[in-house]
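Enquirer: Turn this into a structure:
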Amino acid sequence: MQDKILIIGAGPTGLGAAYRLYELKYRNWQIFEKNGYVGGLSASFEDDKGFIWDIGGHVLFSHYKYFDRLLDNILNRDYLEHMRQAYIWIMNSWVPYPFQNNIRYLPKSKVIQCLSGLIQAKSKRSNPHNFEEWIYSVFGYGIARYFMLPHNYKIWAYPLKGMSYDWIAERVSLVDIKKILKNIVFCRDDTNWGPNNNFRFPLKGGTGEIFRRFIPFIKNNLFLGREIIRVNTSHKEIIFKDGHKSNYDFIINTMPLDEFIKRSDLTVFLETVKELRHNSVLVVGIGIRRSCPTNKCWIYFPEDNCPFYRVTYFSNYSPNNTPGGNYYSLMCESAYSEYRPIDKNKIIEETIQGLINTGLLSEGDKERIVSVYLIDAPYAYPVPTLNRDKVLESIQSYLEQNGIYSCGRFGAWRYEIGNMDHCVMQGVRAIDRILRGGCRC
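Expert: Numbers count the residues shown, from 1 in each chain. This is a model prediction of the structure:
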C-alpha cells in the first residue's frame, strides 16, 4: 500500500511537488491551499479596470534543466523574452544595474570617494562578523554609504548588523577594481552580470499564469480554501479550520516554518522559531492612461525621498498586463517591519508622491492615474539573521526524522534559494527523497 503524502500550500514549491507526483504516476497524495487560488507569492490578480498585478517584481529565469523542460511543457510558447533593463535612481542620475560596476554615472566627487573606498577596502584584511561589516570590507565606504547600506535596509527592513552574509552567492555582484576603472575610462556600461539578465514572462495573466497551468495536471488532488489549523505529529494527523481531519505518512510543508511550528504539537520549538525573522512588503500598483515613456524593466531606489525600494514597469513585461488601449503600469514595493514601520493608510499617497519626487511621474500625471491596487504580503523575504542556520538545522533535522519536509521560500526559510525555479525544484526533490531516496531539498 502506498504511503500517503500531504502537501501544505499550492505555491511554487507545493505545485512542484504535486507535479512530480503526477509525473511519477503516484496516487496517494493531496495538496491543500488555504487561499482560493494557487501560486502563493507568485500569484497574480486582475483589478476591475483590467490591469494585471503581481505580488512584487517577479521574473522568470532558471538554474535547472528540469525546470526549463517543465516550463516548456506548461507554457508552450505563450511567453515573451526580455533583456534586463535595470537601473538605480540616485543623486538625480540613472545608474545602470549593478551599481558598483557603473559608478561612472555619479558626480565626479562621489566617483572618487567610491574608488578610494574600494582601494582602501582591498588593502585591508578583514574578518567581517555581519552583513554590514561585509559590505564595508568588500565595497568600501563610498559605495556602502551611497548605495549598499541604505538600499539593503530599505529592502530587508532589518538591521544589517543582525544579518549574516553567507547567503550572498549570486545575489550581489562583487567588485573588480580594474574592470571598474576601465568602465570609467572608456565610458562603458557593465550590465550583463547575474542570472536574470535575460528572462521570460508569460504572455497573459502575469506570473500567476505559470502556476495556474499546473492545475490540469493535479486538479483531482488539489483542494483550495482548506486552511490547516493544527498538525498532530504524534498521531500523524492534520486538522482543518472547517473541522475535517486527514491522516498522513509524509508531509511536504510550504507554509512559513514559524507558523507551522505554532500550529503543531512541537512545543519544544516554540521559543526557537521566534528567532526566525522576516519582513513584509506592500505592493502599490499604479495604472496610467498614456503610453509608457521608457523601455526600462525595473529601478532601485536607495534614497529616502520615496518609500519604495523598487519600481517595476510592469506593462513592459507584457502588453497584456494592461487593458487594451493606451496605458502603462507601475508596481512599487515598500518593505516594512517593526524596525521600519509604514502607515498602510498613507502608503498609496506616499507612493504617488515618491514617484513624483523621483521623476517617474509628473504632477500632471496624477490626473492620468486610472487604477490603484494595493497588495499586502505579510511574509515577503525570510531574513538571513546571524543565528538562522543554527535554528534551521535543529528544527529541520527533527522534522525530517518525523516524515516532515519543510521546503520553499518560507518553509525552508532561505532567501538564497527562494526564486521560483529554486522553489519548484525544492518540491520536486522533496518527492524524490521520499520516494527514491534522492538528494536533499
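
Enquirer: contacting residues for Gly208?
Expert: Going by C-beta atoms under 8 Å, 6 or more residues apart in numbering, Gly208 touches Tyr37, Val38, Gly39, Ser42, Ala43, Ser44, Phe45, Asp54. C-beta here means a position set from N, CA and C on the backbone, and glycine is covered the same way.

Enquirer: per-residue confidence at it?
Expert: For Gly208, the pLDDT comes out at 97.

Enquirer: Find the nearest non-adjacent residue to it, please.
Expert: Closest residue to Gly208 apart from its sequence neighbours, by C-beta to C-beta, 6 or more residues apart in numbering: Ser44 at 3.2 Å.

Enquirer: Out of the contacts of Gly208, which is nearest to Gly205?
Expert: Ser44 (6.1 Å; C-beta to C-beta).

Enquirer: Would you mind measuring from that closest one to Lys161?
Expert: Note on Ser44: its distance to Lys161, by C-beta to C-beta, to the nearest Å, is 36 Å.

Enquirer: So for these two, which residue has more residues nearby?
Expert: When Ser44 and Lys161 are compared on other C-beta atoms under 10 Å, the one with more neighbours turns out to be Ser44, at 22 against 11.

Enquirer: which residues does the more buried one bridge with?
Expert: Note on Ser44: beta-bridge partners by DSSP bridges are Asp54.

Enquirer: Tell me the secondary structure at the residue nearest to Ile417 when sequence neighbours are not counted.
Expert: Excluding the flanking residues, the one nearest Ile417 by C-beta to C-beta, 6+ apart is Gln426, at 6.9 Å. Following DSSP: H, G, I helix; E, B strand; the rest coil, Gln426 is assigned to helix.

Enquirer: Would you mind giving me the confidence score for the residue nearest to Gly208?
Expert: Ser44 carries a pLDDT value of 98.

Enquirer: Same question for the one 3 residues further on.
Expert: Each residue has a pLDDT score; the one for Asp47 is 98.

Enquirer: what do you get for Lys108?
Expert: pLDDT, Lys108: 95.

Enquirer: how close does it get to Arg145?
Expert: Separation of Lys108 from Arg145 (C-beta to C-beta): 17 Å.

Enquirer: Also Tyr97?
Expert: From Tyr97 over to Arg145 the distance is 18 Å, taken as C-beta to C-beta.

Enquirer: which of these two has more neighbours?
Expert: Remark: of Tyr97 and Arg145, Tyr97 carries more neighbours, 22 against 17, as counted by other C-beta under 10 Å.

Enquirer: shouldn't the more buried one be in contact with Asn192?
Expert: No: between Tyr97 and Asn192 there is no contact under C-beta atoms under 8 Å: 10.5 Å.

Enquirer: lowest-pLDDT helix or strand in this protein?
Expert: Ranking every helix and strand in the chain by mean pLDDT, DSSP states H and E puts helix 177-185 at the bottom, with a mean of 81.

Enquirer: For that one, list every residue counted as buried.
Expert: For helix 177-185, the neighbour count (16 or more other C-beta atoms under 10 Å) marks Ile180, Asn183, Ile184 as buried.

Enquirer: Wait, the first one touches Ile103, no?
Expert: By that I understand Ile180. Yes: at 6.8 Å, Ile180 and Ile103 qualify as touching, with contact defined as C-beta under 8 Å.

Enquirer: which residues do the two both contact?
Expert: Going by C-beta under 8 Å, 6+ apart, residues that sit against Ile180 and also against Ile103 are Leu115.

Enquirer: Please enumerate the helices of the chain.
Expert: 12-23, 65-75, 108-123, 131-143, 149-156, 177-185, 208-212, 215-218, 257-262, 347-357, 388-401, 420-436 (DSSP state H).

Enquirer: how about Tyr87, what does it touch?
Expert: Shown in contact with Tyr87 (C-beta under 8 Å, 6+ apart): Trp94, Val95, Pro96, Tyr97, Lys296, Ile299, Tyr300.

Enquirer: Return the set of residues that bridge with it.
Expert: Listed by DSSP bridges, the beta-bridge partners for Tyr87 are Pro96, Ile299.

Enquirer: That one and Leu118, how far apart?
Expert: 21 Å.

Enquirer: Likewise for Phe301?
Expert: Per C-beta to C-beta, Phe301 is found 23 Å from Leu118.

Enquirer: Mind checking which of those two has more residues around it?
Expert: Neighbour totals were compared for Phe301 and Leu118, and Phe301 leads with 27 against 23 (other C-beta under 10 Å).

Enquirer: quick one, strands of the stretch 151-300 of the chain?
Expert: Counting by DSSP state E, counting those that start in this stretch, the stretch 151-300 of the chain has strands at residues 198-202, 222-224, 228-232, 237-240, 245-247, 250-253, 278-288, 298-300.

Enquirer: which stretch in the ones you listed is the model least sure about?
Expert: Lowest mean pLDDT within those: strand 198-202, a mean of 91.

Enquirer: Can you mark which positions in that strand are buried?
Expert: Within strand 198-202, the residues that count as buried by 16+ other C-beta under 10 Å are Phe199, Arg200, Phe201, Pro202.

Enquirer: Appreciated, that's everything.
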